[in-house]
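Turn this into a model:
(one chain, ligands or ions: 1)
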Amino acid sequence: MNVVTDRVLSMKRSGIRAIANLANVMPGEVVHLEIGQPHFPTPRHIVDAAVKAMEGGYIRYTKNEGIPEVRAKIGEKISRDFPGWNVAEENVLLTIGGVYGLAITMAALLNPGDKVMIPDPGWPNYTMEAITTNGVPLYYPLRQGNGFKPSVRDLEQVVTPDTKIIIVNNPSNPIGTVMTESECRKVLDFAYKHNLTVLSDEVYDRIVYDVPFTPMASLNHPATVVTANSFSKTYAMTGWRLGFLIASEQLCANLVKMSEAFISCPPYISQKAAEAAICGPQDFVHEMAAYYRKNRDLAVEMLDRSGLPHSVPQGAFYMLIDISRFKVDSETFAKRLLAEKRVAVAPGCTFGPSSDGYIRISFCTEIAQLEKGLSNILSFVNENAGR
Ligand code: PLP
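Numbers count the residues shown, from 1 in each chain. Take a look at the predicted model:
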């Protein structure tokens, strides 16, 4: 008999990490286009605030929901940035990164066997989290022919009477799509009709290229929305592990029970760093996004010249490249690319059951590295044309 539950045994680990682990032990230089984390250091004023916090004795537990100053500041900033969306301290719960916010929402909302609608292609952790919280993943397609956006017709075909949550990721990982207001409204109408909670993953909300970003919850729709966000990508703070959830006061009061059970509270020092991030100058956020835009343009130009089909990201820092014309699965493709050309990319299969015809690159890296990685991908593709 197994000591570990069947559901944990059945859970597949992320294929992104699998390639990263291979790449990290390879001798010599590898171009890393697999993991999505800003190559920029955390801005100086944020680091300074953390050092000051440590020295000033901010080293104990905090309230389970996080310190009031940061929760209130997040609320103020959102209410300022998106007039009409009123977010108070009571609507904000600080979490250990966005990933934990998503997980505790599922843990709090799912009864055993409840279904969770997950985008395909979508971030692999959604599946892992649905499984660990006793839910059952149900994939809804994001079709290339529909601009990789959710179509209500597809959603209607997938939903079941025991579906409880629909996860929407906007801007999207791994595609880079950004939904318009009317596309958001269609999903909200659908969710309301079927009594689903929209779990809106908006961790890339500040990384958009020339298009407006619409937070789901800002639309004041009667559907229930829980928003997951994070300091990781916006402020180059992946290792600080701080994110937040925004939900109704009543939902937050229940979600916080999960934090009390699992983590007590996020680290005080990271919360003080987040305070500096949210209250301090925001120029850096725009400068980073401008850098990624240049990277995006370079990638689009190089791939267009090669004739290899790809998504054109309007947000986040990922791009899907269509490799379906090669007669190998995406995992084999990624492993051979790594072995032969020393470029690490994420295999499409990890993003959902119908995503095997793609690989994903992350372009949140130095532009010279990106250029080198792409050149190597293209030479691999040329050498393997017809295979
Ligand atoms: N959501 C998406 C779509 C992501 O790509 C990531 C990280 O890569 C996260 C959430 C969680 O990030 P973090 O836990 O660092 O906030």
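
how about the residues of the stretch 1-150 of the chain that lie near the ligand?
Counting by C-beta under 6 Å from any ligand atom, the stretch 1-150 of the chain comes close to the ligand at 36, 97-99, 123. Every C-beta, even on glycine, is put in place using the N, C-alpha and C of the backbone.

In contact with the residue in the stretch 251-387 of the chain that the ligand sits nearest to, which residues?
Distance from the ligand to each residue of the stretch 251-387 of the chain (C-beta to the nearest ligand atom) is smallest for A316, at 7.6 Å. By C-beta atoms under 8 Å, 6 or more residues apart in numbering, A316 lies in contact with 36, 171-173, 176, 204, 207, 233.

likewise S324?
When contacts are counted by C-beta under 8 Å, 6+ apart, S324 is found next to 357-358.

And the pLDDT at it?
Looking at S324, its pLDDT stands at 92.

May I have the phi/psi pair for the closest residue to the ligand within the chain?
In the chain, the residue that lies nearest the ligand is G97 (2.5 Å; C-beta to the nearest ligand atom). When read as degrees, to the nearest 10, the backbone of G97 gives phi 70, psi 170.

Over to G84?
The phi/psi pair for G84 (degrees, to the nearest 10) is phi 100, psi -20.

can I assume it is in contact with N220?
Yes. The pair G84 / N220 is scored as a contact, 6.4 Å apart, by C-beta atoms under 8 Å.

before we move on, the earlier item: of the residues of the stretch 1-150 of the chain next to the ligand, just say which sits nearest to I246.
G98 (11.6 Å; C-beta to C-beta).

so which helix or strand takes in the closest one?
Using DSSP states H and E, the element containing G98 is helix 97-109.

Let's see that helix as PDB, backbone CA atoms only.
This file holds the C-alpha atoms of helix 97-109, laid out as PDB (Å, rounded to 0.1, in the frame of the first residue of the first chain):
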ATOM      1  CA  GLY A  97       3.300  34.600  -3.900                       C
ATOM      2  CA  GLY A  98       0.400  34.300  -6.300                       C
ATOM      3  CA  VAL A  99       0.700  30.600  -6.400                       C
ATOM      4  CA  TYR A 100      -0.400  30.200  -2.800                       C
ATOM      5  CA  GLY A 101      -3.200  32.600  -3.200                       C
ATOM      6  CA  LEU A 102      -4.600  30.500  -6.000                       C
ATOM      7  CA  ALA A 103      -4.100  27.300  -4.000                       C
ATOM      8  CA  ILE A 104      -5.900  28.500  -0.900                       C
ATOM      9  CA  THR A 105      -8.800  29.800  -3.000                       C
ATOM     10  CA  MET A 106      -9.300  26.300  -4.400                       C
ATOM     11  CA  ALA A 107      -8.800  24.800  -1.000                       C
ATOM     12  CA  ALA A 108     -11.500  27.000   0.500                       C
ATOM     13  CA  LEU A 109     -14.000  26.700  -2.300                       C
END
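
And that helix, how far out from the chain middle?
13 Å (C-alpha atoms, centre = their mean, to the nearest Å).

what's that helix in contact with?
For helix 97-109, the external contacting residues (C-beta under 8 Å, 6+ apart) are 93, 95, 116, 125-126, 129-130, 132-133, 135, 164-165, 167, 197, 199, 201, 203, 226, 228-230, 232, 238, 241-245, 247, 251, 254-255, 257-259, 262-263.

Can you report how many residues neighbour L93?
Using other C-beta atoms under 10 Å, L93 has 27 other residues around it.

Might you report the residue contacts of it?
For L93, the contact set (C-beta under 8 Å, 6+ apart) comprises 65-66, 71, 101, 244-245, 247, 252, 255-256, 259.

Using a markdown table, lay out the residues you listed together with secondary structure, pLDDT and neighbour count.
Shown next, in a markdown table, are those (DSSP: H, G, I helix; E, B strand; the rest coil; pLDDT from 0 to 100; neighbours: other C-beta atoms under 10 Å):
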| residue | secondary structure | pLDDT | neighbour count |
| --- | --- | --- | --- |
| E65 | coil | 97 | 23 |
| G66 | coil | 98 | 25 |
| R71 | helix | 98 | 24 |
| G101 | helix | 98 | 28 |
| F244 | strand | 98 | 27 |
| L245 | strand | 98 | 26 |
| A247 | coil | 98 | 26 |
| C252 | helix | 97 | 20 |
| L255 | helix | 97 | 22 |
| V256 | helix | 97 | 20 |
| S259 | helix | 95 | 23 |
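
possible to save these as CSV with distance to E340?
Output for the contacts of L93, formatted as CSV (distance: C-beta to C-beta, whole Å):
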residue, distance to E340
E65, 50
G66, 47
R71, 50
G101, 39
F244, 42
L245, 43
A247, 47
C252, 50
L255, 47
V256, 50
S259, 46
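
quick one: which of those is nearest to A50?
Among those, G66 lies closest to A50 (C-beta to C-beta), at 15.4 Å.

Could you find the closest non-adjacent residue to that closest one?
L94 (2.8 Å; C-beta to C-beta, 6 or more residues apart in numbering).

Just say helix, strand or coil for that neighbour.
State at L94, reduced to three classes by DSSP: H, G, I helix; E, B strand; the rest coil: strand.

what's around it, how many residues?
Neighbours of L94 using other C-beta under 10 Å come to 28.
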